[in-house]
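Chemist: Have a look at this prediction, sequence included:
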Amino acid sequence: MTTRVILQNLATKICIQQDKFTNSWHSDPEDCLTDGSTLMVRVVEQHRFNFDLWHEEDKAREPGADNATIAGVKGRIDRLNQQRNDMVTVIDEYLDDCYFGPLDNKNELPWNSETIGSIVDRLSIASLKNYHMHEQTERQDADATHIASCALKFERLVEQQNDLATALQCFVDDIFNGKKQNKLYRQFKMYNDPALNPKIYGQTEPS
């Protein structure tokens, strides 16, 4: 399969996979991508970290959660957030290595304020928002005002997801056509690093 074919309608393909697994994981958490491009495998893996992070954060907000529970959840949130951000970089590096390649005039090309991987991350969160907002429109224990309000919010969220997907595809097309570059930015998260977080360095040995 050629690079042009893989990148054609890439944003739509990403949204389809994210929405598919957002729905399937709520009923079958073990569902996984068994076919598709290596890029899409990475996209789905990144989405899974967001999926788990979303539901882990809900546990910390549960009324009556004790301090021990919240502390445990906070640790898992930090790990998932690190993995989520690491996968953003993995996606960007994979695209750069496999599809965009070196460009003679790369230093002369403009870039966006966020990378393709960062936009994929935002689309992942949009998929989760859409699912949970739509879920509110089907509640049997909520009044009509709540249902109507959530239905309107759902419509706007879907529009925002579509707009973001359109922006992503335009960016991908511009890179492929040599008009822009996908300049990689490093997150350099400090909170999980014993050598960088002043609250923990000296207390644990760096791995």
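Modeler: Sure thing, it's come through. Numbers count the residues shown, from 1 in each chain.
Chemist: could you pull out the helices for this structure?
Modeler: Here the chain has its helices, by DSSP state H, at 3-7, 10-27, 38-61, 67-95, 116-136, 144-176.
Chemist: Relative to Leu184, which of these is closest?
Modeler: helix 67-95 (5.1 Å; C-beta to C-beta). Bear in mind the C-beta positions are built from the backbone N, C-alpha and C, glycine included.
Chemist: For that closest one, what is the distance to the chain centroid?
Modeler: 11 Å (C-alpha atoms, centre = their mean, to the nearest Å).
Chemist: how about stretch 31-40: buried residues?
Modeler: Leu33, Leu39, Met40 (16 or more other C-beta atoms under 10 Å).
Chemist: For these, give me JSON lines that also has distance to Val73 and pLDDT.
Modeler: Shown next, in JSON lines, are the buried residues of stretch 31-40 (distance: C-beta to C-beta, whole Å; pLDDT from 0 to 100):
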{"residue": "Leu33", "distance to Val73": "27", "pLDDT": "84"}
{"residue": "Leu39", "distance to Val73": "32", "pLDDT": "93"}
{"residue": "Met40", "distance to Val73": "30", "pLDDT": "94"}
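Chemist: any idea which of these is closest to Met87?
Modeler: Out of these, the member with the shortest distance to Met87 (by C-beta to C-beta) is Leu39, at 12.0 Å.
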